[in-house]
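Student: Take a look and give me a structure for this.
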Amino acid sequence: MSSSGTLKEKVRHFINDILAVPGVIECALVSNDGILIGKSFEDPISAQSFGAMCATMIASSEAAASVVGMTTPLWALVRSDERMIIIVGGGPRLLIAAIVDGGADIKEVSARLLDIGESIGGTL
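Tutor: You can find the predicted model right below:
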C-alpha cells in the first residue's frame, strides 16, 4: 500500500487484507498496549475487550518464552474445536488479532498474516 491516504483508509485497507486471508472470520488491529486501532467486529465493546486481551496474551507469551530462553515468538495461538485466535505482530507498535475457522490451515494463515504484519509495520 502506498503511503498516501488517511490513517483511517490505511487501517481499513489492512483490515480488508486480513479478512481476505482464507479462514479469517473477524479481526482487529491493536496497539501493543491493547488499544483498538481498527476492527471488523460490529460490537465495539467486545472488540475493545478482545483487543486488550490479545495484547495481554502476546505479552504473556513473550514473557514465558523469555523465561525458558526462547527468542520472541512470531505469533501466539489459542485453539478450540471450532475456532482459533492467532495474534501476530504488525510492526513494532501494532498487533493483528484474527479469529480463524478451526479447519483452516494454520501454517498458511500465519504466513499470510505475518506478511500483512510486515506491510503494516512499514506503513503505519
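Student: need the contact list for the residue sitting nearest the centre point of the chain.
Tutor: Centrality entry for the chain: nearest residue to the mean C-alpha point is residue 96, 1.5 Å, by C-alpha atoms, centre = their mean. When contacts are counted by C-beta atoms under 8 Å, 6 or more residues apart in numbering, residue 96 touches 18, 27-30, 87-90, 113, 116-117, 120. Heads up, the C-betas are built off the backbone N, CA and C, glycines and all.
Student: Cross these against helices and list the overlap.
Tutor: Using DSSP state H, the subset of these located in helices is 18, 113, 116-117, 120.
Student: Make a markdown table from those residues and add distance to residue 106, pLDDT and neighbour count to it.
Tutor: Shown next, in a markdown table, are the ones in helices among the contacts of residue 96 (distance: C-beta to C-beta, whole Å; pLDDT from 0 to 100; neighbours: other C-beta atoms under 10 Å):
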| residue | distance to residue 106 | pLDDT | neighbour count |
| --- | --- | --- | --- |
| 18 | 15 | 98 | 25 |
| 113 | 10 | 98 | 26 |
| 116 | 15 | 97 | 20 |
| 117 | 15 | 96 | 23 |
| 120 | 20 | 95 | 26 |
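Student: and which of those residues is nearest residue 58?
Tutor: residue 117 (11.7 Å; C-beta to C-beta).
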